[in-house]
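A.B. asks: Got a sequence here, can you build the structure:
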Amino acid sequence: MTGRPLIGVSSYRDEAAWGVWRQPAALIPQSYVEAVERAGGLPVLLPPQDPAGAARVLARLDGLVLAGGPDLDPASYGAEPHPRTSAPQPARDGWEFALARAALDGGLPLLGVCRGMQLLNVALGGDLVQHLDPPDHQVAPATFQWQEVTTSPGSRLAVILGGQAKVRCYHHQAVGRPGEGLVVTGRAADDTVEAVELPGERFVLGVQWHPETDPSDPRLFQALIKESTQ
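C.D. replies: Sure thing, here's the model as predicted:
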């Protein structure tokens, strides 16, 4: 492969405003775009669409970021909704489950961020804790909380970040039962699962925090780009 790898980034379908317009839009926080670019990749936005096209789209790409966003529908892991769980978004859920499965089937490097890690876990048969109480990982609306994460010795995450890392969190849900093959490789001080990975695969890693919001630490995106150029 020559040149910068094409990295798909899953995105929102939501209402947005610009200029004189307010209408449905496909969008993603600019921080994801910049994180991929800084690490050496070319970001390609993947808004919700027909899940049947996921494998064909990914065949054109070199890596995938499953981005953060709203809560998954609890029905996807056989649970009733908690009062604090947000309304389901079936179009995005269906599209991103298809992306995750196609990436896993095709051996495409995959980085799951926050919701993206949770979706990866559910796609592999795991479940989620629908609300963390007390809410130490989401202290106020639109406010990232610094947390200390301890990584598992010998894990891919430990190779990338070392034994501990200070990260920016914003989540009220977390991985419960890990999906098939997934190994928990990062935890917060309160034992909340903060990272999972799939040993033996080319690159399948999920983190519960938001590395795209911390330009001072590009290591996770750099690791994804490195694997995507091989």
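
A.B. asks: So which residues of this protein form helices?
C.D. replies: With DSSP state H applied, the chain shows helices at 30-39, 54-58, 90-106, 115-123, 156-161, 219-228, listed in chain order.

A.B. asks: Need these in TSV (columns: mean neighbour count).
C.D. replies: The C-beta positions use only the backbone N, C-alpha and C, and glycine is treated the same way. Shown next, in TSV, are those (neighbours: other C-beta atoms under 10 Å):
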stretch	mean neighbour count
helix 30-39	19
helix 54-58	17
helix 90-106	20
helix 115-123	26
helix 156-161	19
helix 219-228	22
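
A.B. asks: Go through those helices and name the closest to residue 74.
C.D. replies: Proximity to residue 74, assessed across those by C-beta to C-beta, is greatest for helix 115-123 (9.6 Å).

A.B. asks: Averaged pLDDT, the closest one. What do you get?
C.D. replies: Looking at helix 115-123 alone, the average pLDDT works out to 98.

A.B. asks: now swap in stretch 212-220 and tell me
C.D. replies: The predicted confidence, averaged over stretch 212-220, sits at 97.

A.B. asks: go on, stretch 41-57?
C.D. replies: For stretch 41-57, the per-residue pLDDT averages 97.

A.B. asks: Then stretch 131-139?
C.D. replies: Along stretch 131-139, the predicted local confidence has a mean pLDDT of 89.

A.B. asks: what about the protein, any weak spots by pLDDT?
C.D. replies: Counting by pLDDT under 70, the low-confidence segments of the chain come to 1-2.

A.B. asks: What segments of the protein are strands?
C.D. replies: For the chain, applying DSSP state E gives strands covering 6-10, 12-18, 21-27, 42-46, 63-66, 110-113, 128-129, 145-151, 164-169, 174-175, 183-188, 193-197, 204-207.
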